Structures are given as structure tokens and as C-alpha cells.
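**Q** Fold the stuff below for me.
(4 chains)
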Protein chains: 2
Amino acid sequence: MAQAAVPYWRAHNRDTPPTMTDPTSGFDLETFLPYLLNQAAEATSHGFQTVYRDRYGFTRTQWRVLANLGKFGAMTARDICAISHIEKTKVSRAVAALEQGGMLSRTPSETDRRAEVLSLTGKGRTVFAELGSLAVGFDRQLRETLGPEKAETLVTLLRRLIGGAPATDGLDD
Amino acid sequence: MAQAAVPYWRAHNRDTPPTMTDPTSGFDLETFLPYLLNQAAEATSHGFQTVYRDRYGFTRTQWRVLANLGKFGAMTARDICAISHIEKTKVSRAVAALEQGGMLSRTPSETDRRAEVLSLTGKGRTVFAELGSLAVGFDRQLRETLGPEKAETLVTLLRRLIGGAPATDGLDD
DNA sequence: TTGACTTGGTTGCATCCGCAACTATAAACC
DNA sequence: GGTTTATAGTTGCGGATGCAACCAAGTCAA
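**A** Predicted coordinates:
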């Protein structure tokens, strides 16, 4: 029950309290993690989205696929799915669009004729470098909102949620 | 740089390291907050989404609007936008769908003839109560993944990101 | 009052997404 | 081998979304 000092809704432009009837269940929307995570994701992604949308017409998924390829190097669509937890159809379409835009190229896998190895083209790497450096600045701003240790903590907690790992995995406190 | 023990990609079903070329910029996708937040939001929301989708055919936005009305009581669409940070067109359509389904009713505002006060019907409250109690259980599971204090910390940090508040607002540590 | 501007809310349209179905290849089992 | 099952990736289609344009009502000021 930390931080109940600012009544939350007061921070926004209501001037009457939302009456807060909460009829029965002990459900508390204000601390419901999926809800908060969605809001935070939307809030933080929206700002950076305008950058890659306005500059390159990328969709969010396209940017993410590009970023994965830029960060980790050539790999198959399946690998991107596994690493990024993006649905395979989204990846498929993003790859098609990025290829269309000359950002990446496909080469058939030598070990699996179903799979194709995806790698950024020179243009793709250039674009990734530019967006990457912009992303660094954007991320720094977000972290300043939290403070450096808090930001690290957040990263750890998010990873744990993403991986679905149990709480008893070493680091606690 | 906490928690580099498990190489991240190894947790997923790759067996070759993604080569990790990261050409130039210091951009680190693995700690990029918008990216992690999106993954976490997607991962945590997806599970519960099946609950309200299968039971009531709700979309995520519809569930969220219902939850806000259930939690805070009657208010206008504008208030929902302000509190939840959902785009107003999304809210508009969700409200229409919920009304269509008999979950809420609109009454013209007495102070502003443009606005309509939205309130859950009896059916809406019933549905909210059921989904709310399911949500409680779902949230508890997520929190067990993190541990109670960590979960509280996460809530605090997410709120700060959502509100865009500066780091110097009282509580630190 | 009039007029300029803001704001609550909806709608058109293009796009994106989710899910299921599908093709083609690989693996597993006999 | 041959048969069954699993996997990499694409596509069709209905539905959800984002953005801009819009309408109607409120606000502010002369």
C-alpha cells in the first residue's frame, strides 16, 4: 500500500472523486498487474513509436523484429519468435514488410529446408544503428524518471514476469 | 547488470547463441524498457484475456472499460480516458459494445449536454464481480512469481512510468 | 449577441492483428 | 521404406485499432 498519498485519479483531470463503489470482490484495478503493465507499455512505447513510424513507416512489430536482428544477428523467424515472444504470424508479416523495404534478406537454411535465415542488409543495419542510438536516449529519459537502481530492479522484475520464472531463483531481498 | 547468469536466450529453445553482433550503438534491446514492458504486458495479459473473451466475448479494451466502471462507479467516457489512458475512440467503441451487450447504460450529463454518464447495469455489475474475482486469483499467481514486496515495488515503478512523474517525489531508497 | 476556440464523443477508412487453416519439410516410430 | 506426428512459415478473413475528420455543445471575450 505504498504511495496512496496522491489519490491517483486526482493526478488526472477529474475534480470529483470517482465515488469508488467497488461493490463486492476484493479486486483492485489499481494494482492489477496486467492492467498496469499494459498502461506502462502503451505509455512508454507510444513516444518512441512516433520516431520509427515517422522516419521509416515502421510498425511496432517491424521495429522489434529489426531490433532483434540488429542486436542478435542473423537468425530464423522461429528464433525471433522464441526470443521476443512475438506471434509467428506477426513476425512473418513484419519480415515480409522489412524485406519489401530492403531492410533484410532471406537465405535458405542449410540444415532445414523449411526455414530461412534472416539477416539485415547494409541499409537495415544503418537504420538499426540510427534508431538504436535514438532508443538509447529515449530509454535514458525513462530511467531518469525512475532512478538507476529502480530501473535495474524493474528490468529484473519484468524479465521474471516474461519468463514466468518462480520467485525462488537465487536473488531475493 | 544483475542476473546475467542465465544467458536469456538459453532459456528459450535456441541451442546456438544468437552471435550477438551488436554493430555500433550502445543500444541494448535486452534492457530497453518499452520492449520489456510490452513483452511483460503481452505475456501477463494474454492469459487473462482468454477468460473474459471465452466467457463474455469481451475485447481487452471492453474488459478494461468495464473494470474501470466497476471499480470507480459511474463516470463519463472522458473520465475513463483520463484515468485509464485509453484512446478515446477505443473507449467510445468499447462503450458502444458494452451497451449493446447490456452491460452499461448511458444517461445524459446534467451539467454538460455533450457528455453522457456511463454506469454499469445490474448485469454489468454481476459480470464485473465474476471477472473481478477471477482477476484476483490471476493477479495472485503473478505476484507469487515475484514475491509480495517485489510485486509492490513493481506497482510503484509502473505507476511512476505511467504518470511520467520525476524520480524525486518523496519515496526513494 | 457574435465569433473564435476548445472539448466530449462518434465515425470512415486504412491498417494491423488474432486465430485457424494450410503447405512443405522434418523427425519419430514401426 | 512408410506412416504418423511435429514444426517453419504463410495466408484468409473477420474483427480491433489509429488517426484524422467531423458534429454538437461549452467557453471565453469583445
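**Q** how many neighbours does A:Arg143 have?
**A** Neighbours of A:Arg143 under the rule other Cβ atoms under 10 Å in any protein chain shown: 18. Every residue, glycine included, has its C-beta placed from N, CA and C.
**Q** Assign a three-state SS to it, would you?
**A** Three-state call for A:Arg143 (DSSP: H, G, I helix; E, B strand; the rest coil): helix.
**Q** what residues are up against the nearest residue to it once chain neighbours are set aside?
**A** Distances taken as Cβ to Cβ, 6 or more residues apart in numbering or on different chains place A:Ala151 nearest to A:Arg143, at 4.1 Å, with adjacent residues excluded. By Cβ atoms under 8 Å, 6 or more residues apart in numbering or on different chains, the contact list for A:Ala151 reads A:142-143, B:33.
**Q** Distance-wise, check A:Ala151 relative to A:Gln141.
**A** To A:Gln141, A:Ala151 is 11 Å away according to Cβ to Cβ, to the nearest Å.
**Q** need the residues of chain A near DNA strand C, please.
**A** Counting by Cβ under 7 Å from any atom of the strand, chain A comes close to DNA strand C at A:59-61, A:87, A:89-90, A:93-94, A:112-114.
**Q** Please enumerate the helices of chain A.
**A** Counting by DSSP state H, chain A has helices at residues A:33-56, A:60-72, A:77-84, A:88-100, A:122-146, A:148-163.
**Q** and those, which is most packed in?
**A** When the helices of chain A are scored by mean count of other Cβ atoms under 10 Å in any protein chain shown, the highest mean neighbour count falls to helix A:60-72 (a mean of 23).
**Q** do that helix and DNA strand D meet at all?
**A** No. Among the residues of helix A:60-72, none lie within reach of DNA strand D under Cβ under 7 Å from any atom of the strand; the closest is 9.2 Å away.
**Q** now check that helix, is it near chain B?
**A** Yes. Using Cβ under 8 Å from any Cβ of the partner chain, helix A:60-72 reaches chain B at A:60, A:64, A:67-68, A:70-72.
**Q** what's the spacing between the closest residue to DNA strand C within chain A and chain B?
**A** Closest approach between chain A and DNA strand C, counting by Cβ to the nearest atom of the strand: A:Arg113, at 3.4 Å. Distance, A:Arg113 to chain B, using Cβ to the nearest Cβ, to the nearest Å: 18 Å.
**Q** Number of residues surrounding that residue?
**A** By other Cβ under 10 Å, the burial measure for A:Arg113, its neighbour count, is 8.
**Q** now the helices of chain A as TSV including mean pLDDT?
**A** Converted to TSV, these look like this (pLDDT from 0 to 100):
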stretch	mean pLDDT
helix A:33-56	94
helix A:60-72	97
helix A:77-84	96
helix A:88-100	97
helix A:122-146	95
helix A:148-163	94
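**Q** quick one, which of those helices is nearest to B:Thr126?
**A** Closest to B:Thr126 of the helices of chain A is helix A:33-56 (Cβ to Cβ; 20.5 Å).
**Q** Now do the phi/psi pair for the residue of chain A closest to DNA strand C.
**A** Main-chain torsions, A:Arg113, degrees, to the nearest 10: phi -70, psi -10.
**Q** quick revisit: using JSON lines, lay out the contacts of A:Ala151 together with distance to A:Thr126.
**A** JSON lines is the format used below for these (distance: Cβ to Cβ, whole Å):
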{"residue": "A:Leu142", "distance to A:Thr126": "25"}
{"residue": "A:Arg143", "distance to A:Thr126": "26"}
{"residue": "B:Leu33", "distance to A:Thr126": "24"}
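**Q** who in chain A is up against DNA strand D?
**A** Residues of chain A found near DNA strand D (Cβ under 7 Å from any atom of the strand) are A:49, A:53, A:76-78, A:81, A:88-89, A:91-93, A:95-96, A:109, A:112, A:114-116.
**Q** Just send the helices of chain A back as a markdown table, with distance to B:Ser45 too.
**A** Supplementary listing: the helices of chain A in a markdown table, determined by distance: least, Cβ to Cβ, whole Å:
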| stretch | distance to B:Ser45 |
| --- | --- |
| helix A:33-56 | 4 |
| helix A:60-72 | 15 |
| helix A:77-84 | 16 |
| helix A:88-100 | 15 |
| helix A:122-146 | 21 |
| helix A:148-163 | 11 |
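**Q** for those, which one sits closest to B:Leu161?
**A** Evaluated with Cβ to Cβ, the helices of chain A place helix A:33-56 nearest to B:Leu161, the distance being 4.6 Å.
**Q** is it true that A:Thr59 touches A:Ala94?
**A** Yes. Counting by Cβ atoms under 8 Å, A:Ala94 is a contact partner of A:Thr59 at 7.0 Å.
**Q** Send me stretch A:67-86 as CSV with only the CA atoms.
**A** Taking Å, rounded to 0.1, in the frame of the first residue of the first chain, the C-alpha atoms of stretch A:67-86 are listed here in CSV:
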residue,chain,number,x,y,z
ALA,A,67,15.9,-4.6,-33.4
ASN,A,68,16.2,-8.3,-32.7
LEU,A,69,18.1,-8.9,-35.9
GLY,A,70,20.2,-5.9,-35.3
LYS,A,71,21.0,-6.9,-31.8
PHE,A,72,21.5,-10.6,-32.2
GLY,A,73,22.5,-11.0,-35.8
ALA,A,74,21.1,-13.4,-38.4
MET,A,75,18.6,-15.9,-37.3
THR,A,76,15.4,-17.6,-38.4
ALA,A,77,11.9,-16.3,-37.8
ARG,A,78,11.4,-19.1,-35.3
ASP,A,79,14.3,-17.8,-33.3
ILE,A,80,12.8,-14.3,-33.3
CYS,A,81,9.6,-15.7,-32.0
ALA,A,82,11.3,-17.6,-29.2
ILE,A,83,13.4,-14.7,-28.1
SER,A,84,10.9,-11.9,-28.5
HIS,A,85,7.7,-13.7,-27.7
ILE,A,86,6.0,-12.2,-30.7
